[in-house]
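Q: Can you look at this prediction? I've put the sequence above it.
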Amino acid sequence: EENSGPGFPATPALEAGSEADIEESPGAENDEADYRTAFEGLRSRFYEDRQKAKLALVKAGRGIAPLLKEGLTDSDSRIRAHCIDLMALVGDDSQFSTLVKIAVDPAAPLFLRKRALRAIDIFDIFRKRLKKMGPGPARKVLKDLAAYEADQSWKYELVTFLFPGTRFVNFADTGHQPDERLQQLRGMIKADIETGKVDDALRTCQELITRRVSTVTRSDEDDKVMLGLALGASSVVGDVIKANLSRYRALYDGEAEKQLQRIMAEGAYDQLPVFLHSYMFTSVAPEAFSMVIEMYFESGLYRQVVWNWKRFAELHQTASAPVYAMVGVSYCRIARADSARLVLAEAVRRFPGAVILVGGREMPLRDYLRHEIVDAPSEPAGSASRNLGHEVGNPFYSPVRLSRIRFASPAWTRHLGGVYRRIRLQMARDADGRPSRPFLPWELPEDRSEVLTFLQKRGLSIGGGLVYPFNGPPPTGSHPYHVVAWKDRLIFNNGLSVWCLSARDGRLLWRYDNPIDDEEILRTLLTIPFRREPKYPYSLVVEKEKAVYVVMENPDVVKKVFQEHAKAGGGRWSGARIVIPSTVLCLDMDTGKLRWNAARYDDRAEPTVIRGPLRYSCGVLYFTVASGAPSRVAFELRAIEARTGRIRWRTSLGSWTNLSSVKGGALGKGVGFGVPILIVPPPPLIYDRTVIALTDGGTLAFVRLADGRINWIARYNESAASLLNMGSRIRRRMGSVRSPACWGNNIYIMPSDAEFLMAYDVMSGRLLWRGRAARLNAVGVFERDFDDFMLGSDGTLYLWGPGGMAAYDSHGVQLWHNEEIVPSGAPAVGRDCVAAPLPGVIALIDLKTGRVKAKHEIDVENILEKRALAAAKMALSTGKEEKENGYCELLAIGNEDFDILRALVEKEGDEKRKAALQIVVNDVRRKLGIRASAMSQKPKQGGGPRRDRRQDEDGPGGQGGNLLLVNGRLYWVSDSGLLVAFGP
């Protein structure tokens, strides 16, 4: 794990290398046993505990030298890394030669070799000791050190151990203030107790418990984590009830028993946790508690067993021996043998001779739990992030051998990109000199000399020109298009239309067009001030609902405005600028017909703008919303009914506030004066009856699926740059479409406002480890090495970005880093290797070493030519739908490279077909706003979807894209919307 906090002054040890030392504190006089106790703290699972142990050892100075020498031989490479850091901090250079050996050892993990290099750099600033060692290892160390000299984070991050108060910076507010009625009720309890009205006080306590207010309280273990706390266990209510327990039970035992009998009679066992929350202190609570533990245990939901065990800690003393057995086994099943041992110790203390039934025979509880602990896995055996490719942005792998894919001959291709171009509108004036409606390029004569005559016939005079984006701003991001798959179907959303294809041959099954007419919007440009946001072309397929859910612009807004404008008799719109927000549309899986629009059921005054992918579980859709201005952002997790679109619940995830007046540049680098950037949260992750939501604004939340109540919410360390302004967030323009990932007990996130890949404990919300994903360059600006990540079948994390590709294990150990492979889109993880999309190439990377196994070139120009020929045949057919679909593809191909269509006409041998094709191509040309005189010129780069600057550096012909590996096939989607399917 790494440490943040660049910009702090260097310590004497860091300035003078081996010649200086940190002054020993009075604690350095303690005996070696005290040092060893602190040293063992380095083995803790939690990051904060290790940091405290590390700081204690640093303060001990060189007195820990024997421990550090011993630690360098430890079997755990993480302990060795900690020892190397501590040597650098306390100035202990006695193991300099050992550090050199580690730095050049090819068998050592990459992160350990980097730690050794950093310590060598500190101890030997002028490289005198290395040069005296002669050639061989010293030469390799000198070469490796040169690659890191420009990294400002190289040494400064070590210094943060000495400044613990300055490590954590975060502008997020986790909020969740209780309502005013809570304060009044607490005051009433206190007053009733003082006046002897015990029954009234107990009734008020019960009202507090049953109000079920969503509130959080700070964790005792980590001040960066807020826990959702049942009020029945709080000191305010719990102490009063326990002091008058017999009277409380006389009041509420009867009511609780009736409620429990009703639940059992109706079979509504999912209501048991809510029952326990309300009646935790009654006599029937132990019975309900046993039922809750058994219910989740028999269902194999071991994390739910553990969570409820921790949640209802007040009932531990009433739990039976079988309950202890189930809890202990649950800890073992989730690879938490350490916690299982604590349960065993408590069970043996309470039930020294207990015997339980296991498989129909009696067995001592002690022996049963000991056997389970011995057999408990050291690593979790499952991943919650694997799926079948039916949703966008969930890191997943596929058990397909990529080496068997035939890259030389694609199975089929389609071009489904949206047409986003800047076109020139011709302005005109009426007889009174007032501006008339704009004319689109295809509404005017092709000969520009005839435009004046055309306007004069309509009583208009010619005005100036206005360049405007046709179809509004293009989709967000450098690689905007994603394909989702379910069984034999593929869904492609380009922001304007949704295409459903056959996965077998690419045949079109249906198409849904958003009814927003951009031509009509442009014609009313001077009277109705519409503002269109960038597109967020995300899709989700749910077979159970027989539905496709897509994020698209809300057509109801435009329709309503035009109706109101017509009723008002036209004229200039008197209201404010009209924003067309994105919403969720539900389409029928078989026909593509619209079922519902989620915006119709939104009861908020301000329209909800949905900017991220969706998630589905048990009939409900989940998504995260960020609303407000760039300097004041509120986060909300929403759940809507999958069949109706109606809102089920909302949960506030806090807010992010920046009071700085400096606005960020549109490119998101450094401090500039441009368009401020909103936070776009990544999609949530559904995990074991909970939702994991990352805000990209300083917080990570763990929320219950059923009712949206927060189990915990954690704040993470934001990068220093993001605290200045939103424009300097260190990701590119928009947020990630990759959701958090889970493997066993770990939650992995890589937020856009932090420079780390981070792992959190799923049960407590505490940070486990973090690995650096960005660095400070020579001029003090953050540069991101990795943009996104994906989870492999064995829990390995694969990261990619401008700094290349890398792999981490579940403990945060960097396994390899290939700086030469810079993917230009989302890779895909198979059984044998990783497929990385490069400009015009798909590279296969070995999973274990990170080395390139093969490179397969994608001949985009040849593919486009063949696809244009097929689309032309469709456009010239007699079928109405086929003709329209072919025309749409020709538009998309012409938008990318119109020369291909021009050459297609020239190659046609049949004069009759050539004439018909020429008419279609001319219509496409005019629709794209290309003049006849410029017919042989390629459209400017800015006309289509935005491209990544890394592609431009690789020269012409290189296209980026995203990969999807599912059902034995690999799909490549280019930045412009070209879809290529590769089969085995």
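A: The structure has been received and is ready for your questions.
Q: for L142, helix, strand, or coil?
A: Under DSSP: H, G, I helix; E, B strand; the rest coil, L142 falls in the helix class.
Q: All further residue positions should be reported with the first residue as 23.
A: I'll keep to 23 as the first residue from here, and by that count the last item is L164.
Q: Burial check on it, number of neighbours?
A: Burial measure for L164: 15 neighbouring residues, criterion other Cβ atoms under 10 Å. Backbone N, C-alpha and C define where each C-beta goes, glycine included.
Q: Verify the contact between it and R149 for me.
A: Yes: shown here, L164 and R149 form a contact pair, counting by Cβ atoms under 8 Å, at 6.4 Å.
Q: So which elements touch the top helix by length along the chain?
A: Using DSSP state H, we find that the single longest helix of the chain is helix 267-288. With contacts taken as 3 or more Cβ pairs under 8 Å, 6 or more residues apart in numbering; DSSP states H and E, helix 267-288 sits against helix 220-232, helix 294-300, helix 307-320.
Q: Make TSV from the ones you listed and add mean pLDDT, mean neighbour count and distance to T712 to it.
A: Supplementary listing: those in TSV, determined by pLDDT from 0 to 100; neighbours: other Cβ atoms under 10 Å; distance: least, Cβ to Cβ, whole Å:
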stretch	mean pLDDT	mean neighbour count	distance to T712
helix 220-232	82	20	23
helix 294-300	84	21	13
helix 307-320	92	20	13
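Q: Just send these back as TSV, with distance to I285 too.
A: Output for the helices and strands packed on helix 267-288, formatted as TSV (distance: least, Cβ to Cβ, whole Å):
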stretch	distance to I285
helix 220-232	16
helix 294-300	6
helix 307-320	8
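Q: So, low pLDDT: which residues of the stretch 273-422 of the chain?
A: 401-410, 416-419 (pLDDT under 70).
Q: where do the strands sit along it?
A: Chain-ordered strands for the stretch 273-422 of the chain, with DSSP state E, counting those that start in this stretch as the definition, fall at 377-380, 383-386.
Q: Name the residues of the first one that are buried.
A: Okay, so that is strand 377-380. I378 (16 or more other Cβ atoms under 10 Å).
Q: Which elements pack onto it?
A: helix 343-355, strand 383-386, helix 387-397.
Q: what's the answer for the last one, then?
A: Other helices and strands packing on strand 383-386, by 3+ Cβ pairs under 8 Å, 6+ apart, are strand 377-380.
Q: Pull the distance from the strand it packs on to the chain's centre.
A: The gap between the average C-alpha position of strand 377-380 and the chain average comes to 45 Å, counting by Cα atoms, centre = their mean, to the nearest Å.
Q: repeat for stretch 867-878
A: In this view, stretch 867-878 has its centroid 26 Å away from the chain centroid, taken as Cα atoms, centre = their mean.
Q: just the CA coordinates of it, formatted as PDB?
A: Included here for stretch 867-878 are C-alpha records, laid out as PDB according to Å, rounded to 0.1, in the frame of the first residue of the first chain:
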ATOM      1  CA  ILE A 867      -1.500 -10.100 -22.600                       C
ATOM      2  CA  ASP A 868      -0.300 -13.100 -20.500                       C
ATOM      3  CA  LEU A 869      -2.300 -13.100 -17.200                       C
ATOM      4  CA  LYS A 870       0.700 -14.100 -15.000                       C
ATOM      5  CA  THR A 871       3.600 -12.100 -16.400                       C
ATOM      6  CA  GLY A 872       2.000  -9.200 -18.300                       C
ATOM      7  CA  ARG A 873       4.000  -9.900 -21.400                       C
ATOM      8  CA  VAL A 874       2.400  -9.600 -24.900                       C
ATOM      9  CA  LYS A 875       1.600 -13.000 -26.300                       C
ATOM     10  CA  ALA A 876       0.200 -11.800 -29.700                       C
ATOM     11  CA  LYS A 877      -1.000  -8.800 -31.500                       C
ATOM     12  CA  HIS A 878      -3.900  -8.900 -34.000                       C
END
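Q: Identify the residues contacting it?
A: Under the contact criterion Cβ atoms under 8 Å, 6 or more residues apart in numbering, stretch 867-878 has outside partners 425, 429-430, 814, 818, 827-829, 837-840, 842-843, 849, 851, 854-858, 860, 863-866.
Q: Show the buried residues in these.
A: 429, 814, 818, 827-829, 837-840, 843, 849, 851, 854-858, 860, 863-866.
Q: Return the subset of these lying in strands.
A: Using DSSP state E, the subset of those located in strands is 827-829, 837-840, 851, 855-858, 860, 863-866.
Q: closest to T120 out of the helices and strands packed on strand 377-380?
A: helix 387-397 (35.8 Å; Cβ to Cβ).
Q: And the next helix or strand past that closest one?
A: On the C-terminal side of helix 387-397, the nearest following helix or strand under DSSP states H and E is strand 434-437.
Q: And that next one, what does it pack against?
A: Using 3+ Cβ pairs under 8 Å, 6+ apart, strand 434-437 is in contact with helix 882-897, helix 902-918, strand 1000-1004.
Q: okay if I get those as a markdown table plus mean pLDDT, mean neighbour count and distance to T232?
A: Rendered in a markdown table, the data for the helices and strands packed on strand 434-437 read as follows (pLDDT from 0 to 100; neighbours: other Cβ under 10 Å; distance: least, Cβ to Cβ, whole Å):
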| stretch | mean pLDDT | mean neighbour count | distance to T232 |
| --- | --- | --- | --- |
| helix 882-897 | 90 | 18 | 63 |
| helix 902-918 | 89 | 20 | 58 |
| strand 1000-1004 | 94 | 23 | 54 |
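Q: Present these as a markdown table; the columns should include distance to F514.
A: Formatted as a markdown table, the helices and strands packed on strand 434-437 follow (distance: least, Cβ to Cβ, whole Å):
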| stretch | distance to F514 |
| --- | --- |
| helix 882-897 | 14 |
| helix 902-918 | 11 |
| strand 1000-1004 | 6 |
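Q: Out of those, which is closest to M574?
A: Nearest of the helices and strands packed on strand 434-437 to M574, taken as Cβ to Cβ: helix 902-918 at 16.4 Å.
Q: Check which residues of the helix or strand following the closest one are buried.
A: Going down the chain from helix 902-918, the next helix or strand is helix 920-929, by DSSP H and E. Using 16+ other Cβ under 10 Å as the test for burial, helix 920-929 gives F920, I922, L923, R924, L926, V927.
Q: right, and the third one touches L913 too?
A: No: between L923 and L913 there is no contact, the gap being 9.7 Å when judged by Cβ under 8 Å.
Q: what touches both of those two?
A: Listed as contacting both L923 and L913 by Cβ under 8 Å, 6+ apart are V946.
Q: winner for burial among the helices and strands packed on strand 377-380?
A: Each of the helices and strands packed on strand 377-380 was scored by mean neighbour count; the highest is helix 343-355, a mean of 23, by mean count of other Cβ atoms under 10 Å.
Q: and that one with helix 387-397, angle?
A: Using axes from the mean of the first three to the mean of the last three Cα atoms, to 10 degrees, one finds that helix 343-355 and helix 387-397 are set 10 degrees apart in direction.
Q: Run the chain-centre distance for helix 343-355.
A: The offset between the C-alpha centroid of helix 343-355 and the centroid of the whole chain comes to 33 Å, using Cα atoms, centre = their mean.
Q: for stretch 513-521, same thing?
A: Taking Cα atoms, centre = their mean, one finds the center of stretch 513-521 at 22 Å from the center of the full chain.
Q: likewise stretch 556-567?
A: Stretch 556-567 has its C-alpha centroid displaced from the chain centroid by 16 Å (Cα atoms, centre = their mean).
Q: do stretch 318-332 as well
A: The chain centroid and the centroid of stretch 318-332 are separated by 26 Å, computed with Cα atoms, centre = their mean.
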